[in-house]
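Asker: how would this look folded up:
(3 chains)
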Amino acid sequence: MDPRRFSYASQTVEEMMMIEERKGPWTSEEDLKLINCISMRGPAHWTYLARSAGLKRTGKSCRLRWLNYLHPDLKRGNLTLQEQLLILHLHSHLGNRWSKIAQHLPGRTDNEIKNYFRTRVQKLAKQLKWDVNSSQFRHAMRYYWLPTLADQVQASSAQSSMAQPTTSSNQFTDYLPLTGLGPVDSDSKSGSLEAQVSPASDLTCPCDVMGYNWMDGFQQDGPIIGPMSPACSIDGYYELEGLDGHILDEESSDIWSTTYF
DNA sequence: AATTCAGACAACCGCTTGCTG
DNA sequence: GCAGCAAGCGGTTGTCTGAAT
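Answerer: Model (predicted):
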């Protein structure tokens, strides 16, 4: 049905304009109204939905609240190491196309990923006094941090399999190796099969990253060689149990249609 | 205990895209 | 082809919370 044929709950445009628009944080009452309305009418025609739910919010605001907070398929809690690894990898190839990146992380929103990147990764870039979009930073990301994170995922997987030989879980014990990360949250201890990380920074700022001349190691054509970790092979691939992080074309995301974890 | 500050994340804003008549 | 609209997207801002003083 064409949403423009809706009669917006018998209100004229003028009447709708006179309704004082509510902004700011959502209340649980508003959430409930929105959920109820969506359960009856489905998540579409947001302007109409907002009116019929009796909300003094824009359709846009309702859509965002649903997609970023209320949607039942959303994951809660900190990003796992695997998810961080995937975000960094995808960002190094796709850039700031957050929705595209989010498509590869079920249950995570573009907003969440964008916030993660801005607060953690851009903070690191600031510390290094590098532009986050510079080839220098992208190179360090691709050939140092990504393999380092991959190592951590592997290490945590190995550690947990030794600690809990009867399960396939790779959850961490209290602390991750190498980075001195904080304790995991209670949810991850109680059943997550994925490595959880603390809200603290997960990207180290080691001296070998600072000291290495990344531009010298940069080649426009052919393989790019930098100070890789053991998990990263020379041809620009890094490998990980259950994860095959190929270097992919800027525009091609077909390769990501496979399952990673 | 009160205040300040920084980090995290929810929400908003403005622009773009895609669809329909 | 054009106009009007909803939805999608990315950048930015606002708010909350916990740590530090």
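
Asker: going by C-alpha atoms from here, please, whenever you check contacts or count neighbours.
Answerer: Noted.

Asker: enumerate the residues of chain A near DNA strand B.
Answerer: By the rule CA under 7 Å from any atom of the strand, the part of chain A lying against DNA strand B is A:2, A:22-26, A:57, A:61, A:64-65, A:68-69, A:77-78, A:111-112, A:115-116, A:119-120, A:199-201.

Asker: what about DNA strand C: which of these touch it?
Answerer: Okay, of the residues of chain A next to DNA strand B touching DNA strand C (CA under 7 Å from any atom of the strand), that's A:24, A:25, A:111, A:115.

Asker: could you tell me which of those belong to helices?
Answerer: Among these, the residues falling in helices (DSSP state H) are A:111, A:115.

Asker: turn the ones next to DNA strand C among the residues of chain A next to DNA strand B into TSV, columns for distance to residue A:155, neighbour count and pLDDT.
Answerer: Formatted as TSV, those follow (distance: CA to CA, whole Å; neighbours: other CA atoms under 10 Å; pLDDT from 0 to 100):
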residue	distance to residue A:155	neighbour count	pLDDT
A:24	43	7	85
A:25	40	8	86
A:111	29	15	88
A:115	27	14	87
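
Asker: and the closest residue to DNA strand C within the stretch 51-200 of chain A, what does it touch?
Answerer: In the stretch 51-200 of chain A, no residue comes nearer to DNA strand C than residue A:97, which is 2.9 Å away by CA to the nearest atom of the strand. By CA atoms under 8 Å, 6 or more residues apart in numbering, residue A:97 lies in contact with residue A:91.

Asker: low pLDDT regions in the stretch 1-150 of chain A?
Answerer: Low-confidence segments of the stretch 1-150 of chain A, defined by pLDDT under 70: A:1-20, A:133.

Asker: so where's the stretch 151-261 of chain A uncertain?
Answerer: Looking at the stretch 151-261 of chain A by pLDDT under 70, you get A:157, A:159-261.

Asker: no further questions, thank you.
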